[in-house]
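Engineer: What follows is a protein structure lacking sequence information:
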Ligand code: ADP
Ligand code: MG
């Protein structure tokens, strides 16, 4: 509110001078020059920024915007001697803008819970004890200490101690998560119960809290997306209005010879036709929607994402980690040549560096790797598996495709689940069957979406057999299996040719797909940088029902946007006709204009509430 103080003072001052001017000129206190000076003072106070802005935009080549419209309408009114009207137009425009800023601030406040998530300092453990230093000076590999009740300042792995962590500031979910030695913890989460020492894995600027803050700041900027829509609208609309106003000013004047009446009506025409209710309320609606969604752990990167999601007719899901939990359990280990334990160890070692849910599960299933094991040349082959050098041997761990690519003869398995083959130095060493369970909310999410007329599709890199099981269980409309990330992009493009499509993925392997669909939605984004960067909408936790929430919010926001558009254009049309007919004057026109604006803004604020 403090930052609007000057705006408010300007408006009040200008209003007082205007009232004084109207009273003074009505009662004839001063001569006309003094009256003009009084009105000019009020006018400049209320309007100098608008005029400067329109000049700035003209210099940038953007001639026809609402600032321009307001400027010429009010300057024109001043020139034809309608001083009070000129001030009134600018004053009300200013009130509208102030109204917008306050509403915008309110929405921003709802996001500011998230802005509190990044502490500036950290307690670094040094040889001489703990020192509090700025979080920015911490390097990867440093150990920091975090007490219960403190916010974790940087991403890292717990090196000592155990605790539970509250991720709600980031995910919107209030259930605490247990964390012990070896577990990854993220900045922005609150350490709840025990003192922990954390080995830092990301510098300050790359830590989750910074990433999220950056995203939110950019989503404020991406208000520009929605504004672009209005600017686009104004690009055609404003020149048309200016031309129509010119016609109103010239043709009837020539015919009737009644110049001042028609010029006045033309100016009124400009005031009424100002798209400010739209210019203000449309971006605000998007912004309020973004704020409301953020509270629920859904980060939306701007109005265009909302627009696109609300129009999406198809929602395509990645399977692993999106519809399924992604924590695979080992169903069977079928080694050839070696024992089960060694097969699992080789697989876990080769997966050492990968974040893929399969890797994480295999590593967890084996436990701590022997200290003397030498792992190098770790490579991830998206949609297929991994390769690595373990000691002297080159190891491949992955699916059928990976084996065929390397001409390795493999065996299939009768167990249901995902089969992970292991090959060492070109020889088949057997496979591990792992199985992943569905997320408890997947089924209801899919059925709610289907009930609202959306086509659901599953695109997975897993085998046909497992894909069919999942699709059947969830009653998904269509599915495609054995897809590499690039195949997923092709599929998405096939669908997107006819309909708007949203793709939901977990950001592991599918960041390119997220980036190439109309709306990319990343789930369980906590800890996945690629997802946060590439997606248009980021769901911080991994609850698929949030997709339904995001869809509902975006639909509501779009509805409000269109209500405002129809309402303001409708009212304006009526007043336009009345003003051309000479039934109303500029005060009424200006009042109606701002009345529409205020109602539209109040309607916009509804977008934040669900
Ligand atoms: P999804 O589309 O289901 O999310 P991905 O595209 O991530 O699946 O992976 C597709 C398939 O590739 C997996 O089902 C698995 O067979 C294989 N794969 C991918 N990454 C790995 C890995 N790190 N280790 C073993 N297999 C993998
Ligand atoms: Mg995946």
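Structural biologist: Ah, there it is. Bear in mind the structure is a predicted one, so any value in this text is a computation, not a measurement. Ligands and ions are numbered 1, 2, ... in the order given.
Engineer: Give me the three-state assignment for the closest residue to ligand 1 within the stretch 401-550 of the chain.
Structural biologist: Going by Cβ to the nearest ligand atom, ligand 1 is nearest to residue 461 of the stretch 401-550 of the chain, at 2.3 Å. No exception for glycine: its C-beta is placed from N, CA and C like everyone else's. Following DSSP: H, G, I helix; E, B strand; the rest coil, we place residue 461 in the coil state.
Engineer: how close does it sit to residue 383?
Structural biologist: From residue 461 across to residue 383, the span is 4 Å (Cβ to Cβ, to the nearest Å).
Engineer: distance of the residue of the stretch 401-550 of the chain closest to ligand 1 from residue 381?
Structural biologist: In terms of Cβ to Cβ, residue 461 sits 11 Å off from residue 381.
Engineer: and if you look at residue 550?
Structural biologist: 32 Å.
Engineer: same check, this time on residue 497
Structural biologist: Distance from residue 497 to residue 381, by Cβ to Cβ: 29 Å.
Engineer: Between those two, which has more neighbouring residues?
Structural biologist: Ranked by neighbour count (other Cβ atoms under 10 Å), residue 497 and residue 381 place residue 381 first, with 17 against 8.
Engineer: pretty sure that one is touching residue 397, no?
Structural biologist: No: counting by Cβ atoms under 8 Å, no contact exists between residue 381 and residue 397, whose distance comes to 9.8 Å.
Engineer: one step back: which of residue 461 and residue 383 has more residues huddled nearby?
Structural biologist: residue 461 (24 against 21).
Engineer: May I ask you to confirm that the more buried one is in contact with residue 484?
Structural biologist: Yes: counting by Cβ under 8 Å, residue 461 does reach residue 484; the two are 6.5 Å apart.
Engineer: shared neighbours of these two, which are they?
Structural biologist: 383, 384 (Cβ atoms under 8 Å, 6 or more residues apart in numbering).
Engineer: which SS state does residue 371 fall under?
Structural biologist: Under three-state DSSP, residue 371 comes out as coil.
Engineer: Then residue 379?
Structural biologist: Put simply, residue 379 is strand when judged by three-state DSSP.
Engineer: what's the longest strand in this protein?
Structural biologist: Assignment by DSSP state E gives strand 427-435 as the longest strand of the chain.
Engineer: Low-confidence bits of this protein, can you list those?
Structural biologist: The chain contains residues with pLDDT under 70 at 1-3, 104, 106-117, 169-174, 215-231, 234, 276, 525-530, 609-610.
Engineer: what touches both of residue 381 and residue 397?
Structural biologist: residue 387.
Engineer: Helices of the stretch 401-550 of the chain, residue ranges please.
Structural biologist: 442-451, 464-474, 485-496, 511-516, 529-534, 545-580 (DSSP state H, counting those that start in this stretch).
Engineer: For residue 393, which of the ones you listed is the nearest?
Structural biologist: Nearest to residue 393, of all the helices of the stretch 401-550 of the chain, is helix 485-496, at 28.0 Å by Cβ to Cβ.
Engineer: Helix or strand: which one has residue 253?
Structural biologist: helix 223-256 (DSSP states H and E).
Engineer: Would you mind getting the angle between that helix and helix 545-580?
Structural biologist: For helix 223-256 against helix 545-580, the angle by axes from the mean of the first three to the mean of the last three Cα atoms, to 10 degrees is 10 degrees.
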